[in-house]
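Q: Return a 3D structure for these sequence lines:
(one chain, ligands or ions: 2)
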Amino acid sequence: MSSNLEDLHIHTNYSDGISSVDEIVQRAASLGLKTIAVADHFWPSLGSRKGGLNLIEQRRHEIEICRNDYVDLKILDAAEVDIQSNGELAPISGGFEQFDLIIGSFHWYTDSTNWASALVQSLRRNEFHILGHWDGYLSSYREEDGRLAAEALAKAGVAIELNGRYSVEHIGFLELAKSYGCSFTLGSDSHDVSTVGDLTFQQRLAASMDLQILQINI
Ligand SMILES: [Zn+2]
Ligand SMILES: [Zn+2]
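A: Ligands and ions are numbered 1, 2, ... in the order given. Got it, this is the predicted structure:
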């Protein structure tokens, strides 16, 4: 029996998801998950026009209420932030430090050469913990670029997300990343409460490739 206990990438109606924090937490608890990350985009990251300190604080307040109501579930206050072509992360009102977890993601299509270059630069900044849907916007893949990326991810200690919404096209990169000692996380990238914890395929992939899934314990 393999049961996943974590879902580290869930959007709420504070960005482009449709479910409330409370609905998501209720669902996660009913599935028996141990840790979830409520991970929203905030303007000017793509994926949401919403942002600003008031919104972020209101959302945090809802998360805190849920933490009190569901003491057996660890609820991380996370943000998904765009990795831009120059390697900088899109800013968030109030900064990154206010969050438990930052997911850095590409939301622009690119070949692997520009991908690796932006990724390596972004990793030097030490601002994020997980690379979200690592190949969701990769239009091509070359192994030498994969090596650069895997080496930099391993060195930075940034985990690679196995994402529930994007299919894995370039599985060779996962082998490479494993050989460099990278760790991996599971994230449904749910935008609707019905897909929270929906990670069967990703779990099977991780098991079949013997990938090390990071258990977040902050
Ligand atoms: Zn994303
Ligand atoms: Zn997302």
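Q: For the least confident helix or strand in the chain by mean pLDDT, which outside residues touch it?
A: Across the helices and strands of the chain, mean pLDDT, DSSP states H and E gives its lowest value to helix 200-209, namely a mean of 94. Residues outside helix 200-209 that contact it (C-beta atoms under 8 Å, 6 or more residues apart in numbering): 2, 4, 162-164, 168, 171, 174-175, 178, 184, 186, 211, 213. Quick note: C-beta positions are derived from backbone N, CA and C, even for glycine.
Q: buried residues in that helix?
A: Of all the residues in helix 200-209, those buried under the rule 16 or more other C-beta atoms under 10 Å are 202-203, 205-206.
Q: pLDDT averaged over the longest helix along the chain - what is it?
A: Secondary structure of the chain per DSSP state H: the longest helix is helix 53-69. Mean per-residue pLDDT for helix 53-69: 97.
Q: Distance from the chain centre to that helix, please.
A: 19 Å (C-alpha atoms, centre = their mean, to the nearest Å).
Q: Give me the buried positions along that helix.
A: Neighbour-count burial for helix 53-69 [16+ other C-beta under 10 Å]: 55-56, 59-60, 62-63, 66.
Q: in the protein, what spans have low per-residue confidence?
A: Residue ranges of the chain with pLDDT under 70: 1-4, 217-218.
Q: Contact residues of it facing ligand 2?
A: Residues of the chain lying near ligand 2 by C-beta under 5 Å from the ion: 80, 189.
Q: For the chain, just list every one of the strands.
A: 6-10, 35-40, 74-82, 101-105, 130-131, 159-163, 184-187 (DSSP state E).
Q: Ok, which of those comes nearest Asp198?
A: Proximity to Asp198 (C-beta to C-beta) singles out strand 6-10 among the strands of the chain, at 8.2 Å.
Q: So what touches the closest one?
A: Residues outside strand 6-10 that contact it (C-beta under 8 Å, 6+ apart) are 17, 24, 28, 33-39, 76, 78, 80, 101, 103, 130, 132, 161, 163-164, 185-190, 196-197, 199, 213, 215-216.
Q: Enumerate every residue touching Asn86.
A: 118, 121.
Q: Could you check how far it is from Ile18?
A: 33 Å (C-beta to C-beta, to the nearest Å).
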